[in-house]
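# No sequence on hand, only this structure:
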């Protein structure tokens, strides 16, 4: 579990690093905060830390991963809190509450949601090893990639262009832009990042599923996280399956084979 920090004085940063290194379960690692690769949790130092411009620029969906470290509780009720000064038991207990306990509590929900998702698409999985070009009655695929990271857009385009059939790709940098695109263009399948500026991938996915024409469209969520809570939220929002970042070629080809089968079976239905 990667922990980032923002606004910490050097002495408190060193103290936090020592606390995490001495944690019995050894599940937390302190990393440098980078907006391009967000941590699992972000600790903010000081009562005014949440108003930092860097925090304001974070995706809306990332707010649930913020923890303020300060003497007084945050004015915002939705912001988690660790009371200052830093005490080992206090820090670890707060981090565990944000991660381990939530994951355990949601494990049953995850299993149920995953079963629902598997049942939704399982009848098409038996065809997953078939050659895509032999089973489709089409000339190309129309794909939407929703991700504000240009490098990820290029990585997906590289893999999609390896398919036996031509692929026409449109891009959206935000959930709002994606929702505009799907109202004017049909897509055979959609790649959707979770963390984006504005509305996040979960909200975008839910909004897409409310559109009758998109109820059967495969939506593949892109995530660098492996939290069961993220999977639950994605499945409940209506995503079809997941791809983890960075893109693994074998995983991608397996997922795209399944997705292509779903698309072609839905077309026949």
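Ah, there it is. None of the values given here were measured: they were computed from a predicted structure.

# Going by C-alpha atoms from here, please, whenever you check contacts or count neighbours.
OK.

# Surely residue 60 is in contact with residue 202?
No. Residue 60 is beyond contact range of residue 202, at 10.9 Å (criterion: CA atoms under 8 Å).

# More neighbours: which of the two?
Legend: neighbour count by other CA atoms under 10 Å for residue 60 and residue 202, higher for residue 202 (24 against 15).

# what residue ranges in the stretch 1-150 of the chain score low on pLDDT?
Within the stretch 1-150 of the chain, the stretches with pLDDT under 70 are 24-26, 100-138.

# all helices of it, in order?
All helices of the stretch 1-150 of the chain, identified by DSSP state H, counting those that start in this stretch, fall at 10-21, 53-56, 88-98, 100-105, 107-121, 132-135, 150-160.

# Where does residue 216 sit: helix, strand or coil?
Remark: residue 216 carries the secondary structure label coil [criterion: DSSP: H, G, I helix; E, B strand; the rest coil].

# and it, how many neighbours?
Here the neighbour count serves as a burial measure; for residue 216 (other CA under 10 Å) it reads 19.

# With residue 199 instead?
Using other CA under 10 Å, residue 199 has 16 other residues around it.

# Kindly report the same for residue 69.
There are 24 residues near residue 69, going by other CA under 10 Å.

# Specify the beta-bridge partners of it.
The residues paired with residue 69 through beta bridges, assigned by DSSP bridges, are residue 45, residue 82.

# That one reaches residue 87, doesn't it?
No. With contacts defined as CA under 8 Å, residue 69 does not count as touching residue 87, sitting 11.2 Å away.

# Helices along the stretch 151-269 of the chain, start to end?
Going by DSSP H, counting those that start in this stretch, the stretch 151-269 of the chain shows helices at 175-184, 201-209, 228-237, 249-268.

# Make CSV from the ones you listed and add mean pLDDT and distance to residue 157 to it.
What follows is these, written out as CSV (pLDDT from 0 to 100; distance: least, CA to CA, whole Å):
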stretch, mean pLDDT, distance to residue 157
helix 175-184, 94, 17
helix 201-209, 93, 19
helix 228-237, 75, 23
helix 249-268, 76, 12
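
# Minimum distance to residue 151: which of these has it?
Closest of those to residue 151 is helix 249-268, at 15.4 Å (criterion: CA to CA).

# For the closest one, name the packing helices and strands.
In this structure, helix 249-268 makes packing contacts with helix 132-135, helix 150-160, strand 241-244, judged by 3 or more CA pairs under 8 Å, 6 or more residues apart in numbering; DSSP states H and E.

# and it, which residues are buried?
When neighbours are counted by 16 or more other CA atoms under 10 Å, the buried residues of helix 249-268 are found to be 252, 255, 256, 257, 258, 259, 260, 261, 262, 263, 264.

# and what of stretch 54-61?
By 16+ other CA under 10 Å, the buried positions in stretch 54-61 come out as 55, 58, 59, 61.

# Let's have the residues you listed in JSON lines, adding distance to residue 36.
As requested, those are exported to JSON lines (distance: CA to CA, whole Å):
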{"residue": "55", "distance to residue 36": "13"}
{"residue": "58", "distance to residue 36": "10"}
{"residue": "59", "distance to residue 36": "11"}
{"residue": "61", "distance to residue 36": "15"}
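
# can you tell me which of the helices of the stretch 151-269 of the chain comes nearest to residue 21?
Each of those was scored for nearness to residue 21 using CA to CA, and the closest is helix 228-237 (24.2 Å).

# what's the distance between the nearest residue to residue 80 once chain neighbours are set aside and residue 46?
Distances taken as CA to CA, 6 or more residues apart in numbering place residue 67 nearest to residue 80, at 4.6 Å, with adjacent residues excluded. With distances defined as CA to CA, to the nearest Å, the gap from residue 67 to residue 46 amounts to 11 Å.

# Check residue 20 too.
With CA to CA as the criterion, residue 20 and residue 46 are 20 Å apart.

# gap between residue 29 and residue 40?
In this structure, residue 29 and residue 40 are separated by 10 Å, where distance is defined by CA to CA.
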